[in-house]
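S.K.: fold the following, please.
(2 chains)
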There are 2 protein chains.
Amino acid sequence: MAKELKELTSRSENYSQWYNDLVIKADLAESSAVRGCMVIKPYGYAIWEKIQAELDRMFKETGHVNAYFPLFIPKSFLSKEAEHVEGFAKECAVVTHHRLMADPNGKGLIVDPDAKLEEELIVRPTSETIIWNTYRGWIQSYRDLPILINQWANVVRWEMRTRLFLRTAEFLWQEGHTAHATEAEAVEEARKMLEVYADFSERFMAVPVIKGIKSANERFAGALETFCIEALMQDGKALQAGTSHFLGQNFAKAFDVTFMDKSNKLDHVWATSWGVSTRLMGALIMTHSDDNGLVLPPNLAPFQVVIVPIYKNEEQLAAISEKVADITAKLKALNISVKFDNNDNKKPGWKFAEYELKGVPVRLAMGARDLENGTVEVARRDTLTKETIAIDGIELYIDKLLKTIQANIFQKAVDYRASVTRDVNSYDEFKVEIEKGGFLMCHWDGTPETEERIKEETKATIRCIPLEGDTTPGTCMVTGKPSAQRVIFARSY
Amino acid sequence: MAKELKELTSRSENYSQWYNDLVIKADLAESSAVRGCMVIKPYGYAIWEKIQAELDRMFKETGHVNAYFPLFIPKSFLSKEAEHVEGFAKECAVVTHHRLMADPNGKGLIVDPDAKLEEELIVRPTSETIIWNTYRGWIQSYRDLPILINQWANVVRWEMRTRLFLRTAEFLWQEGHTAHATEAEAVEEARKMLEVYADFSERFMAVPVIKGIKSANERFAGALETFCIEALMQDGKALQAGTSHFLGQNFAKAFDVTFMDKSNKLDHVWATSWGVSTRLMGALIMTHSDDNGLVLPPNLAPFQVVIVPIYKNEEQLAAISEKVADITAKLKALNISVKFDNNDNKKPGWKFAEYELKGVPVRLAMGARDLENGTVEVARRDTLTKETIAIDGIELYIDKLLKTIQANIFQKAVDYRASVTRDVNSYDEFKVEIEKGGFLMCHWDGTPETEERIKEETKATIRCIPLEGDTTPGTCMVTGKPSAQRVIFARSY
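M.R.: Purely as a prediction, here's the structure:
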């Protein structure tokens, strides 16, 4: 697909522009003709498919099954849970009619006024309401529980300011919706899925995250408790990478979902929901990439190795191709994905730049001299370093190298986060430090009012109350009232 | 999930009711609170996931990649291709507003009149228009071609009469959209994907299909040629299982998508699109199932083997479980999926009926006597026969048996189709024969008028002009005019 290889804006020059340039130039996604909706291009979608496959495997390993619920939610359903509707009513795509007709006064189409729906339908912004309305028919007794269901779907939230992957009107996600006989089991489920998300994020995306609990202000609309994983981008801004909600009996009560427990007593069912979305793509891109382009973790790269032949004539290409076929077979036997780019229309230098931009973890280049010497040039995307390595045993070398790269970019992100995470003890200091970005560990009095004031005055929010780490009590940096432990403040995406 | 095992309506009593009962009782899907939209339950979705995985593999093997395009289509896009809009305008879900608000005159929510969209958005009924509008930006030269993209997505067509899987307002599908430099290449692509669909249908679903071309009346709105695969259900009605369209330059012209060809001449791009949907689930169910429930082809069954222990006490269960663990490991090593149902709340007889209803291809039952004798009872779902087999080497026996079942249900469907496919030579005979169902091979004069008349008078349509088989010319059974070859008439879903 036609695209010119131009320089990216550098991160230091304009981080936001760098991100946007990168998403476009690396062929990950682009804006569409529909306001706020994106087109996910094949290279970007291939990364999303790898994310999906791995998460799906992890969900199934933890006992979940997939199902599919309707795209549309009757307007009246949305209203049934008071906080939920408050959170979503203002950003809904509303279907009001079911037919178009030719405009009797001219050319083109108009909405047929006779095809007005009796009740408007909302394009799902999340599916708690339609799912809990369905669960009512599935649950009578404790024997029907737990229900452990996940759905892969598209959802729509009519956001005013959108950015590719990070905030779009339509996005792709998975949403787990589980039903339990006891409160303890539901809380355990919500925390278990938080662990799954954290594990996935760190081992596959190589994105370190802090596990925590949201403050009341930042909680999901309708949840009693929202658990989250928070990542830190290279510009010092936080990004919420996944959430897992303990919903209590709120939705069971709103949709009248009861069950007979073991002691023959009727009770409302306990619920969780949890989700991650194509937003993860934004976290992946912003955590690792540099001014040369994308840097992909080997565990999620559409292809992990690209091989570029350097040749002067057909004969040389044939000799190189033979050697490459041998290497490729050995790599594939180790489950390493490889692309051999023997496209004759592009020069090696163009290809080098292209695969650097696209973040392919390892690039091999092989020329006539390499053939003679039994060597190949190995370039690492993460460090931009090159080495000449013997072909003999190259597959084992690369297998190890991919693991090294995966570990290295994770450690780099951990180190960066450590370098911009610090304790802040006074509000004056806070106002200075927040401008520099990063995670600020501060004492807070636990009230929504104080959090709201800090947000208004500094644009920083509580990213989470960490589940692990320092739990020494102290006094709130703003009000001086008692604080149970430091919480994480940051500006965020 | 709570559900009583009641008798199914028999096929002979009421085929339509049998189908509906079966979909509900086998836990495949159910109607939702949203008119015409279904909930696909975990067992049904597990079959769909297997269909998806296999098709996705076949698409990728034939050079396609996945991407994702917006759910919404601006109203004006739909109007750009004249035939296309004609085909879809009357069954559109139309988004007109982007916000709800509290009703100032009472309780509940109303659509916020201030949040009216400037241009209405249509929930995609199919994505040609939004995709070709996007391709315009991707294609400049022949070097950018071909584009071979597939999308897995949900689509909405506001059907008035709906039936689970067969015809629902929202359904899941895949839609391939390819762009080519030449007409020949596009036609080749459309036919190649028809072959992929036919191959998948026969080898995985065990559903025999006839490959053919649609008559002009039945062509996709906007296509120059629609290729299709047609299956025959047990009630003698046809079901269109997949279509592949050669779109010519229609969409390229409507969206102004041109490219510079090798001779530096500007031309419009050639297109195809092709899709199969959750409708395949309906074909799968109706082709093989019987009055006892679902019959699943081993190649798509969520689990291929179920093992039911028959025991009087914990000690017996422990001994059986140990043996079962051994068998399960051996089956899994052969890539055979197994479920061991040791649920203590249900009796073996209940389990037998349940797995029969759910169409599990092979059921093993093991009791104390089997343990003593080193045997296991093997029951086939397709023939409902049972045998006692030695445990030693059972995995190889079952591996072979699964292949036998797959072949057997396919052959059974082929034989059934053959038994109700016949040549019909006069319109009087046709009117009698069409009442009996099946495929009627008839001469037709090739005109839409004759086809329309036959449809009005008999409710039968031309399913396809077969690509293979008898091509002897003759005379139209209705008008006596010349006919190039026999075509297939049937009543259809």
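S.K.: so what strands line up beside the host helix or strand of residue A:462?
M.R.: Residue A:462 is part of strand A:461-466 when elements are defined by DSSP states H and E. On the basis of DSSP bridges, the sheet neighbours of strand A:461-466 come out as strand A:210-213 (antiparallel), strand A:486-490 (antiparallel).
S.K.: of those strands, which approaches residue B:484 most closely?
M.R.: Within the strands paired with strand A:461-466, the stretch nearest residue B:484 is strand A:210-213; the backing value is 69.6 Å (Cβ to Cβ). From N, CA and C alone the C-beta is placed, and that goes for glycine too.
S.K.: next, report how far the closest one is displaced from the centre of its chain.
M.R.: Relative to the mean C-alpha coordinate of its chain, strand A:210-213 is positioned 16 Å out (Cα atoms, centre = their mean, to the nearest Å).
S.K.: got the CA positions of stretch A:434-452 in CSV?
M.R.: Coordinates of each C-alpha in stretch A:434-452 appear next as CSV, following Å, rounded to 0.1, in the frame of the first residue of the first chain:
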residue,chain,number,x,y,z
ILE,A,434,3.2,16.8,38.5
GLU,A,435,4.4,19.0,35.6
LYS,A,436,7.3,16.7,35.1
GLY,A,437,5.1,13.6,34.7
GLY,A,438,5.4,10.2,36.2
PHE,A,439,3.8,8.4,39.2
LEU,A,440,3.6,10.5,42.4
MET,A,441,3.1,8.5,45.5
CYS,A,442,1.1,10.7,47.9
HIS,A,443,-0.9,10.5,51.0
TRP,A,444,-4.6,11.3,50.5
ASP,A,445,-7.4,11.6,53.0
GLY,A,446,-9.6,9.2,51.1
THR,A,447,-12.4,11.7,50.3
PRO,A,448,-13.8,12.3,46.8
GLU,A,449,-13.7,16.1,47.6
THR,A,450,-10.0,16.2,48.0
GLU,A,451,-9.4,14.1,44.9
GLU,A,452,-11.8,16.4,42.9
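S.K.: got the buried residues for it?
M.R.: Residues of stretch A:434-452 classed as buried under the neighbour-count rule (16 or more other Cβ atoms under 10 Å in any protein chain shown) are A:434, A:437-447, A:450-451.
S.K.: circling back: give me the mean pLDDT for the helix or strand immediately after the strand holding residue A:462 in the chain.
M.R.: Counting by DSSP H and E, the element after strand A:461-466 in chain order, helix or strand, is strand A:474-475. In this model, strand A:474-475 has a mean pLDDT of 97.
S.K.: got a list of what the nearest residue to residue A:270 once chain neighbours are set aside touches?
M.R.: Here the nearest residue to residue A:270 in space, its sequence neighbours aside, is residue A:186; by Cβ to Cβ, 6 or more residues apart in numbering or on different chains that works out to 3.8 Å. Residues near residue A:186 by Cβ atoms under 8 Å, 6 or more residues apart in numbering or on different chains: A:178, A:180, A:246-248, A:270-272.
S.K.: make TSV from the strands paired with strand A:461-466 and add mean neighbour count and distance to residue B:281 to it.
M.R.: Converted to TSV, the strands paired with strand A:461-466 look like this (neighbours: other Cβ atoms under 10 Å in any protein chain shown; distance: least, Cβ to Cβ, whole Å):
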stretch	mean neighbour count	distance to residue B:281
strand A:210-213	21	39
strand A:486-490	24	47
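S.K.: Serialize these to a markdown table and add fields for mean pLDDT.
M.R.: Supplementary listing: the strands paired with strand A:461-466 in a markdown table, determined by pLDDT from 0 to 100:
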| stretch | mean pLDDT |
| --- | --- |
| strand A:210-213 | 98 |
| strand A:486-490 | 98 |
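S.K.: who wins for proximity to residue B:117 among the ones you listed?
M.R.: Put simply, out of these the one that sits nearest residue B:117 is strand A:486-490, at 34.9 Å, with distance taken as Cβ to Cβ.
S.K.: can you list the residues that contact that closest one?
M.R.: A:210, A:212, A:215, A:230, A:232, A:236-238, A:423-424, A:430, A:434, A:437-444, A:454, A:460-466, A:470, A:472, A:474.
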